[in-house]
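In: okay, here's the prediction I keep looking at, along with the sequence it came from:
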Amino acid sequence: MGTVCQDLPPLIQDLKVTVQSSSLVFPSSETERRSMFLSNIDKVLSFNVQTVHFFEAHPDFPPTTVVKKLETALQKVLVPYDFLAGRLKMNPKLDRLEVECNGAGAGFVVASSEFTLDEIGDLVYPNPAFQQLTVMTMDNLAPDDQPLCILQVTSFKCGGFAMGVTNNHATFDGLSFKMFLENLASLAADKPLAITPCNDRQLLAARSPPRVEFPHPELLKLKIPIGDESTALVFEAISEELDFKIFRLTTEDINNLKAKAKSGDAKTRVTGFNVVTTHIWRCKALSRDSGDDLDRLSTVLYAVDIRPRLVPPLPPSYTGNAVLTAYATTSCRDLQEQPFSRLVGMVSEGANRMTDEYARSAIDWGELYKGFPHGEFLISSWWRLGFAEVEYPWGKAKYSCPVVYHRKDIILLFPDIDAVNNNGVNILVALPSKEMEKFQTLFHKFLA
């Protein structure tokens, strides 16, 4: 029942990666020169995200063949995804961040590691050294000329390889990034696009005039000079000594939590995500206190896909960021004493709050104010994005994961390494030592 990974072998600190080539890749055919509007959701997320996708050796696809196929596929995919070959720029007339679709190119890096894939160890365990499998910036380009997407292929001694992708979050959310990978994989197999992308970010433009019709306690106004949105962080990193552990919930654990949740209000939507989020919320909030501040309010934040919630719904193939922050707030006393089913109801209500009207109000809020999600902590879920389901010519990834930086205010959910046949979840938690001890005790207590 619920396990914590503690006694792992020491992580390899240096993957001994050598870069063999670094270049720009351009669209395979002419693309329109234009400026692409970014929604208020896109603008807030103007920072780089790195993901790594590990593949085992394939007899028909040695790394040299994979490199050629991925480079050609990237050239082709930059035609329908023309913005990925563009550059971020500030429109001085509108005081808005935009993408200049100018065909300036995406980055393509070829590298090799002195290790085999097996020698790297447990891929689920977030090794900071995985950052060596991605490239954040192209050294030969100026800061204002950095690609919005850089793909790195790193071969291992065993014939396996990693595909590391760095992209600006303004380009994709998790769902649209998976669609991008599906299209990249399809083109690498010399097939047509799997999904035709919808690049019209105006679909999430604010109304004119903006109408903020709800209070938005999940958003915090910040005084940011115009043009500096890209330098601000959603959650500021605080220099603090943190322990980090992975807690694992099996399919059986999750089913048990669901059964507990169903003992309450029949109207509550009981999902795996809702019960896992509620379980983490209790442990995180109560681990912070010594027990004498039970009246303190705790707020958990989590992302909700608004594509199907808008009227009319967004096209499922929408490429931009179509997630907004939902929240649940209650006292630590309630988190300690209320039935689990009631707490799951609060998390469910937070998602249900995200109607078309509420989402449009939040987008309009972003037109009037500069600000970011605001709460005690955020749950960032990579659990069911399905990156490992993408079928490439050389098969599916053995594992796909983000390159993570340990933060006490962000808790990450990862799938199991065999996510297709196993619906368990790995929970990455980073906390000061005393809080971690209490979190661990509560994690097992609330599972019982």
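Out: Ah, there it is.
In: shaky segments in the stretch 1-150 of the chain?
Out: 1-9 (pLDDT under 70).
In: where do the strands sit along it?
Out: Taking DSSP state E, counting those that start in this stretch, the strands of the stretch 1-150 of the chain run over residues 3-5, 17-25, 34-37, 48-55, 87-91, 96-101, 106-113, 149-155.
In: what does the stretch 301-448 of the chain give?
Out: 323-331, 371-373, 377-381, 399-402, 410-415, 425-431.
In: can you add mean pLDDT, mean neighbour count and distance to Pro192 and give these back as a markdown table?
Out: Quick note: C-beta positions are derived from backbone N, CA and C, even for glycine. Putting these into a markdown table (pLDDT from 0 to 100; neighbours: other Cβ atoms under 10 Å; distance: least, Cβ to Cβ, whole Å) gives the following:
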| stretch | mean pLDDT | mean neighbour count | distance to Pro192 |
| --- | --- | --- | --- |
| strand 323-331 | 97 | 20 | 28 |
| strand 371-373 | 87 | 19 | 38 |
| strand 377-381 | 95 | 21 | 31 |
| strand 399-402 | 93 | 24 | 24 |
| strand 410-415 | 93 | 23 | 28 |
| strand 425-431 | 93 | 23 | 34 |
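In: switch those over to a markdown table; also include distance to Met36.
Out: Shown next, in a markdown table, are the strands of the stretch 301-448 of the chain (distance: least, Cβ to Cβ, whole Å):
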| stretch | distance to Met36 |
| --- | --- |
| strand 323-331 | 19 |
| strand 371-373 | 23 |
| strand 377-381 | 26 |
| strand 399-402 | 25 |
| strand 410-415 | 28 |
| strand 425-431 | 34 |
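In: to Pro63, which of these lies closest?
Out: strand 399-402 (17.5 Å; Cβ to Cβ).
In: tell me what that closest one is packed against?
Out: strand 48-55 (3 or more Cβ pairs under 8 Å, 6 or more residues apart in numbering; DSSP states H and E).
In: indicate each strand paired with the strand it packs on and its parallel or antiparallel sense.
Out: Using DSSP bridges, the strands paired with strand 48-55 in its sheet are strand 161-168 (antiparallel), strand 399-402 (antiparallel).
In: quick one: residues in contact with it.
Out: Residues from elsewhere that reach strand 48-55 (Cβ atoms under 8 Å, 6 or more residues apart in numbering): 66, 117, 123, 130-131, 133-134, 136, 160-169, 177, 181, 387-388, 392, 394-395, 397-403.
In: ok, which of the strands of the stretch 1-150 of the chain comes nearest Cys283?
Out: strand 3-5 (11.6 Å).
In: touching, Gly159 and Thr64? I think so.
Out: No: contact between Gly159 and Thr64 fails when scored by Cβ atoms under 8 Å: they sit 10.4 Å apart.
In: more crowded one of those two?
Out: Relative neighbour count places Gly159 above the other of Gly159 and Thr64, with 16 against 11, counting by other Cβ atoms under 10 Å.
In: how about stretch 334-354: buried residues?
Out: 334-335, 338, 340-348, 350-352, 354 (16 or more other Cβ atoms under 10 Å).
In: circling back: quick one: which of the strands of the stretch 1-150 of the chain is nearest Lys76?
Out: strand 17-25 (10.1 Å).
In: what comes up buried for that closest one?
Out: Buried-residue list, strand 17-25, by 16+ other Cβ under 10 Å: 17, 22, 25.
In: for that strand, which helices and strands make contact with it?
Out: Against strand 17-25 (3+ Cβ pairs under 8 Å, 6+ apart) you get helix 63-77, strand 106-113.
In: all set now, cheers.
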